[in-house]
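Chemist: quick one: sequence plus predicted model below, questions after.
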Number of protein chains: 2
Amino acid sequence: MKLIQCTSAGVEKYAPFNWLGASTTLTNASGVHTDKVGEFGLMATLMLHERVPSIATRQRNHTWSRQLRGTAAGRRVMIYGVGALGGAIARRLHSADFRVTGVRRGGAPLASVERMITPDRVLEELPNVEILILACPLTPETQRVIGLRELSALPAGAGVLNLGRGGVIDHAALVSCLASGHLSGAILDVFDQEPLPPDSQLWDVPNLMVFPHVSADAPDGYIDRCLVILADNLGRSRAGKSLRNRVDPILGY
Amino acid sequence: MKLIQCTSAGVEKYAPFNWLGASTTLTNASGVHTDKVGEFGLMATLMLHERVPSIATRQRNHTWSRQLRGTAAGRRVMIYGVGALGGAIARRLHSADFRVTGVRRGGAPLASVERMITPDRVLEELPNVEILILACPLTPETQRVIGLRELSALPAGAGVLNLGRGGVIDHAALVSCLASGHLSGAILDVFDQEPLPPDSQLWDVPNLMVFPHVSADAPDGYIDRCLVILADNLGRSRAGKSLRNRVDPILGY
């Protein structure tokens, strides 16, 4: 076995990768979701800016409460993880005049990211951010990387969007920051267990919107786009070139 | 009295205009909302495309139901009324690669509107539209202009956004088309009576999201922008030029 092509971008369910032979390469589907997730990320960011999660909660209580919001242009958004997903969102947000701070292990710059930082500098940057977007893979390094300390460092009224993996955020801390009013709202598209069980307390948390893991998957052409990656890699393998989307067994993505 | 400057864009509450002296000009605040409403319109259109009203309804019932949606690019949206509000939304949607059909009394073209039609051609165009946006003023001509016939002409799964005035749509027809599943969702930001009374049935209609009239008003600089219109008109009046934002007492906007 030389090559295993996954049909998902996240491969955390196959970790740890000690089952992978030294001569076998694992490649993921990173990049098949970019158009779709860019649109979803823009929508969800505008929703957090506009405080839609709290408007939806008030609707359940038949409460009309006008809290006018200014324009979104110029607001500061942090995208934790600017790979295929986060990078696509960064491009859309940049076009919509948001100011994007990106978080990336290597810290290499990206055109649509005004300010790129490494993970060790996240805590000091969070006070400057109105919306935090989690778009990183789940690895030993990112497991519950956003907890009470990080959420508390956000300014009052901030919003949180998670479309990476459920395991990167501490849900109890998130619920506590929503309950206290420190956070104005949250949108979650990924969960520790999916489907989210009917008895999960997350369904009813005020100012929290639950999406059923739909941010990145389009119904058409998904497998075709995976096959394009595979075909490309077969060609590269034959030509002795390095493969696209290779998963690093140590880093876990 | 030569000039009355309103601080709202809609002036239907002052109609009919037989109280207006022949030498007095009424001007409205059309145009003060454009940045804000453009962003809101883009957000709400993406939400209807992504079926967020139905996802929010399912959340109330703790129901996880993955219905993947393709990308929004290329989808056809009709904007009924492409004045200051509708025009601002058209620009944003056009930038986001939606295809925009505009409805305008005069039928004059607009750069971001691919296809401009007059109101008499709306019914025949509705079957080609996935999302219908109402952004027109309330006048004798637009009173309940969207009823059961118009909503039924939309294709199955279409969505509706109203941010013009509550009176332009027949709410009973809208509720019936949502209940039957013909429409996938609706977002209303304007109502016949505002605040929407706590006992209104609209609060609990499945796949309908209620916004508290926040689509167009930003908290900062509103009066400043109205005063800019007034100052401009005082200068024009002194120079004997025609005034900006003049309300036509016969047309009612």
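Modeler: That came through, no problem. Numbering: from 1, shown residues only, chains lettered A, B, ... in the order given.

Chemist: switch to C-alpha atoms for all contacts and neighbour counts from now on
Modeler: Will do.

Chemist: what comes up buried for the helix or strand where A:S152 lies?
Modeler: A:S152 belongs to helix A:148-153 when assigned by DSSP states H and E. Residues of helix A:148-153 classed as buried: A:L148, A:E150, A:L151, A:S152, A:A153 (neighbour count, 16 or more other CA atoms under 10 Å in any protein chain shown).

Chemist: go ahead and confirm the third one touches A:S176.
Modeler: No - taking contacts as CA atoms under 8 Å, A:L151 lies outside contact range of A:S176: 9.8 Å.

Chemist: pLDDT weak spots in chain A?
Modeler: By pLDDT under 70, chain A has no low-scoring segment.

Chemist: redo that, cut-off 90
Modeler: Within chain A, the ranges that satisfy pLDDT under 90 run A:1-2, A:8-9, A:22, A:31-35, A:217-225.

Chemist: tell me which stretches of it form helices.
Modeler: Along chain A, counting by DSSP state H, helices occupy A:34-49, A:52-60, A:84-95, A:122-125, A:148-153, A:171-179, A:222-238.

Chemist: still on that earlier bit, and the helix holding A:S152, what does it pack onto?
Modeler: Based on contacts counted as 3 or more CA pairs under 8 Å, 6 or more residues apart in numbering or on different chains; DSSP states H and E, the elements that helix A:148-153 packs against are helix A:122-125, helix A:171-179.

Chemist: show me what counts as buried in the first one.
Modeler: Buried residues in helix A:122-125, defined by neighbour count with 16+ other CA under 10 Å: A:V122.

Chemist: what does it contact?
Modeler: Applying CA atoms under 8 Å, 6 or more residues apart in numbering or on different chains, the external contacts of helix A:122-125 come out as A:V103, A:E150, A:A153.

Chemist: again, but for stretch A:15-32
Modeler: With contact meaning CA under 8 Å, 6+ apart, stretch A:15-32 is reached by A:1-11, A:84-85, A:222, A:225-226, A:229, A:243-247, A:249-250, A:252.

Chemist: which bits of chain A sit near chain B?
Modeler: Proximity of chain A to chain B is confined to A:35-36, A:39-40, A:43, A:46-47, A:55-56, A:59-60, A:62-72, A:195-196, A:198-199, A:203-204, A:209-214, A:217-220 under the rule CA under 8 Å from any CA of the partner chain.

Chemist: of these, keep whichever come out buried.
Modeler: Burial by neighbour count, 16+ other CA under 10 Å: within these this picks out A:35-36, A:39-40, A:43, A:46-47, A:55-56, A:59, A:62-64, A:68-72, A:196, A:203-204, A:209-214, A:217-218.

Chemist: return the backbone torsion pair for A:P137.
Modeler: phi -70, psi 160 (degrees, to the nearest 10).

Chemist: for the closest residue to chain B within the stretch 1-150 of chain A, what are its contacts?
Modeler: Proximity of the stretch 1-150 of chain A to chain B (CA to the nearest CA) peaks at A:G70, 4.5 Å away. Taking CA under 8 Å, 6+ apart, we find A:G70 in contact with B:K36, B:D217, B:A218, B:P219, B:D220.

Chemist: what's the neighbour count on A:K241?
Modeler: By the criterion of other CA atoms under 10 Å in any protein chain shown, A:K241 has 11 neighbours.

Chemist: check A:G106 too.
Modeler: The burial count for A:G106: 10, using other CA under 10 Å.

Chemist: one step back: can you list the contacts of A:G70 in JSON lines and add distance to A:I89?
Modeler: Formatted as JSON lines, the contacts of A:G70 follow (distance: CA to CA, whole Å):
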{"residue": "B:K36", "distance to A:I89": "21"}
{"residue": "B:D217", "distance to A:I89": "27"}
{"residue": "B:A218", "distance to A:I89": "25"}
{"residue": "B:P219", "distance to A:I89": "27"}
{"residue": "B:D220", "distance to A:I89": "28"}
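
Chemist: among these, which ones are in strands?
Modeler: Among the contacts of A:G70, no residue falls in strands (DSSP state E).

Chemist: find the nearest non-adjacent residue to the residue nearest the centre of chain A, please.
Modeler: Of all residues in chain A, the one closest to the mean position by CA atoms, centre = their mean is A:A135, 2.1 Å from it. Among residues not flanking A:A135 along the chain, A:G164 sits closest, at 4.1 Å (CA to CA, 6 or more residues apart in numbering or on different chains).

Chemist: same thing with A:L46?
Modeler: Excluding its sequence neighbours, the residue lying closest to A:L46 (CA to CA, 6+ apart) is B:M43, at 6.0 Å.

Chemist: can you check A:A216 too?
Modeler: Leaving aside its sequence neighbours, A:A216 sits nearest to A:V37 (CA to CA, 6+ apart; 4.5 Å).

Chemist: how about the contacts made by the one you found?
Modeler: Counting by CA under 8 Å, 6+ apart, A:V37 touches A:L85, A:A88, A:I89, A:S215, A:A216, A:D217.

Chemist: the second one contacts A:I79, doesn't it?
Modeler: So that's A:A88. No - in this structure, A:A88 is not within contact of A:I79 by CA under 8 Å, at 10.6 Å.

Chemist: who has more neighbours out of these two?
Modeler: A:I79 (28 against 22).

Chemist: contacts only, for that one.
Modeler: Counting by CA under 8 Å, 6+ apart, A:I79 makes contact with A:G86, A:A90, A:V100, A:T101, A:G102, A:V103, A:L132, A:I133, A:L134, A:A135.

Chemist: again, but for A:S242
Modeler: Counting by CA under 8 Å, 6+ apart, A:S242 makes contact with A:R236.

Chemist: how near is A:I79 to A:A72?
Modeler: Note on A:I79: its distance to A:A72, by CA to CA, to the nearest Å, is 16 Å.

Chemist: go on, A:P140?
Modeler: As defined by CA to CA, A:P140 lies at a distance of 34 Å from A:A72.

Chemist: check A:D170 too.
Modeler: From A:D170 across to A:A72, the span is 27 Å (CA to CA).

Chemist: cool, A:L126 as well?
Modeler: As judged by CA to CA, A:L126 and A:A72 stand 18 Å apart.
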